[in-house]
Every structure is written in structure tokens, then in C-alpha cells.
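Chemist: structure for this input, please:
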Amino acid sequence: MENNKLEHVGVLGMKWGRRRGDSDSGGSRKSGGKNKTTIRTSEDFKAAAKLREKRIAEMSNEDISKVNKRMDLEKRYKDLNPSRVAKGAKAVKSVLGTVGQVAAGAGAMLALIGIGNTLMKKIAAYGLKK
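Modeler: Numbers count the residues shown, from 1 in each chain. Here you go, the predicted model:
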């Protein structure tokens, strides 16, 4: 006699695509549970973030220079190391730009053909009148 039995071998409540080390409770990182993930930040980042909270009038030239240098470094890093989403967005923008140029060219060609047909009809009609 066959024993057909359906069993669940996963962890109850665990979300798809998550590993046990990510969050044992299965919840999100922001849930505030005992397994809350902390993000390590550098001292430079913390100092720049603290300075950004100030108003410009409260900052010295040195403070503004530090904030600007940090923001410039972050921007250059992002430009040199684009995320997968940014790479995909750039590719899509390039393809859509090419498609737009082809469509504009085709539209211009159709307009010229229409003008040419109109001129040919007028020339033919003019020839018949004489």
C-alpha cells in the first residue's frame, strides 16, 4: 500500500527569497525585533550628516568644505559604480532614444511622400488642363 503524504519542510512564516540569517523571525529589518540589523557607518559619514543638520549661517567655511567634499566623493562614487537599476535605466533610455529617432525619421519620410504624391497629382492635373 502506498503512503501519499504532503509535508511542509520549510520554516513556517519565512518569506520567499530570505535566508535564515537575514531575519530569523521572517519579518522585515525595520520590525524592531531582537534580530534587528544595524548598518555600520563611518565616522566621516556621521560627521557630515551631523553638519548637514545645521543651517548654512551656523556653519563655518571649514564645515561647509567638509560637507561639500563628502557629497562630492559620494556623487563620484555613485557615478563610477552604478547600480544594476541605473545600468538598466541607461540602457532603456538609449534604446528609447534610438527608437524615437527612427520614428521621427519615418514620420518625416511619410510626410515627404505625401507632399510628393500631392505634387504629382497637381502636375498631372495641370497637364490635363492644357
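
Chemist: next one: phi and psi at Met59?
Modeler: Reported as degrees, to the nearest 10, the phi and psi values for Met59 are phi -90, psi 150.

Chemist: next one: the helix ranked longest in the chain to chain centre, how far?
Modeler: Identified as the longest helix of the chain according to DSSP state H is helix 84-129. Offset of helix 84-129 from its chain centre (C-alpha atoms, centre = their mean, to the nearest Å): 31 Å.

Chemist: count of neighbours near Ser65?
Modeler: 11 (other C-beta atoms under 10 Å). Any C-beta I mention is one placed from the backbone N, CA and C, and that applies to glycine too.

Chemist: so which helix or strand takes in it?
Modeler: In the assignment (DSSP states H and E), Ser65 maps to helix 61-80.

Chemist: low-scoring pLDDT stretches of the chain, where are they?
Modeler: The model of the chain has pLDDT under 70 over residues 1, 8, 10, 19-37, 128-130.

Chemist: go with 50
Modeler: Residue ranges of the chain with pLDDT under 50: 24, 26-32.

Chemist: buried by neighbour count: which residues of stretch 74-88 qualify?
Modeler: Within stretch 74-88, no residue is scored as buried using 16 or more other C-beta atoms under 10 Å.

Chemist: got the contact list for that stretch?
Modeler: Lys90 (C-beta atoms under 8 Å, 6 or more residues apart in numbering).

Chemist: apply 6 Å and report the result again.
Modeler: Stretch 74-88 is contacted by no other residue when judged by C-beta atoms under 6 Å, 6 or more residues apart in numbering.

Chemist: kindly report the same for stretch 108-128.
Modeler: Nothing outside stretch 108-128 qualifies as a contact, by C-beta under 6 Å, 6+ apart.

Chemist: and Val85, how far from Met59?
Modeler: As judged by C-beta to C-beta, to the nearest Å, Val85 and Met59 stand 33 Å apart.

Chemist: can you check Gly107 too?
Modeler: Taken as C-beta to C-beta, the span from Gly107 to Met59 is 53 Å.
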